[in-house]
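Asker: model this:
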Amino acid sequence: TTEPTAPALSAKGQSARDKAVGLECAFSLREVAKHNSKSDCWIIVKKKVYDCTNFLTDHPGGISSIAMNAGMDCTEEFE
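Answerer: Predicted coordinates:
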């Protein structure tokens, strides 16, 4: 069984917008938003970034339950 993983860290700093929403990671919202497809699927949950690309087919709720949130902060879906 595959599990979501943290993507490799980038050397880019955080933008003012990211800091304003409280994200404490090495990825900007703009960077995460680029990974918005089934073939490249990142999500943010509770200020952590996860690469779910390889996990999509193993997710018990199906591919679409994660893919619909690709490239976004979907913390509310997990609360």
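
Asker: make it CA atoms for all contacts and neighbour counts henceforth
Answerer: Will do.

Asker: can you give me the strands for this protein?
Answerer: For the chain, the strands identified by DSSP state E occupy 36-37, 40-45, 48-51, in order along the chain.

Asker: tell me the average confidence for stretch 58-76?
Answerer: In this model, stretch 58-76 carries a mean pLDDT of 92.

Asker: buried ones in that stretch?
Answerer: Buried residues in stretch 58-76, counting neighbours by 16 or more other Cα atoms under 10 Å, are found at 59, 63, 66-67, 69-74.

Asker: Output those residues in JSON lines; the columns should cover distance to residue 39.
Answerer: Rendered in JSON lines, the data for the buried residues of stretch 58-76 read as follows (distance: Cα to Cα, whole Å):
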{"residue": "59", "distance to residue 39": "15"}
{"residue": "63", "distance to residue 39": "11"}
{"residue": "66", "distance to residue 39": "12"}
{"residue": "67", "distance to residue 39": "9"}
{"residue": "69", "distance to residue 39": "13"}
{"residue": "70", "distance to residue 39": "10"}
{"residue": "71", "distance to residue 39": "12"}
{"residue": "72", "distance to residue 39": "15"}
{"residue": "73", "distance to residue 39": "18"}
{"residue": "74", "distance to residue 39": "18"}
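
Asker: and which of these is nearest to residue 31?
Answerer: The shortest distance between residue 31 and any of those, using Cα to Cα, involves residue 71 and amounts to 8.3 Å.

Asker: who touches that closest one in this structure?
Answerer: With contacts taken as Cα atoms under 8 Å, 6 or more residues apart in numbering, residue 71 has the following neighbours: 32-37, 41-44.

Asker: Averaged over its residues, which helix or strand of this protein has the lowest pLDDT?
Answerer: Evaluated with mean pLDDT, DSSP states H and E, the helix-and-strand set of the chain has its lowest mean pLDDT in helix 16-20, which scores a mean of 48.

Asker: rewinding a little: in JSON lines, list the contacts of residue 71 along with neighbour count, pLDDT and distance to residue 52.
Answerer: Converted to JSON lines, those look like this (neighbours: other Cα atoms under 10 Å; pLDDT from 0 to 100; distance: Cα to Cα, whole Å):
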{"residue": "32", "neighbour count": "20", "pLDDT": "92", "distance to residue 52": "12"}
{"residue": "33", "neighbour count": "18", "pLDDT": "95", "distance to residue 52": "14"}
{"residue": "34", "neighbour count": "14", "pLDDT": "94", "distance to residue 52": "14"}
{"residue": "35", "neighbour count": "19", "pLDDT": "94", "distance to residue 52": "10"}
{"residue": "36", "neighbour count": "18", "pLDDT": "96", "distance to residue 52": "11"}
{"residue": "37", "neighbour count": "15", "pLDDT": "95", "distance to residue 52": "10"}
{"residue": "41", "neighbour count": "26", "pLDDT": "93", "distance to residue 52": "5"}
{"residue": "42", "neighbour count": "29", "pLDDT": "93", "distance to residue 52": "6"}
{"residue": "43", "neighbour count": "27", "pLDDT": "93", "distance to residue 52": "7"}
{"residue": "44", "neighbour count": "21", "pLDDT": "92", "distance to residue 52": "10"}
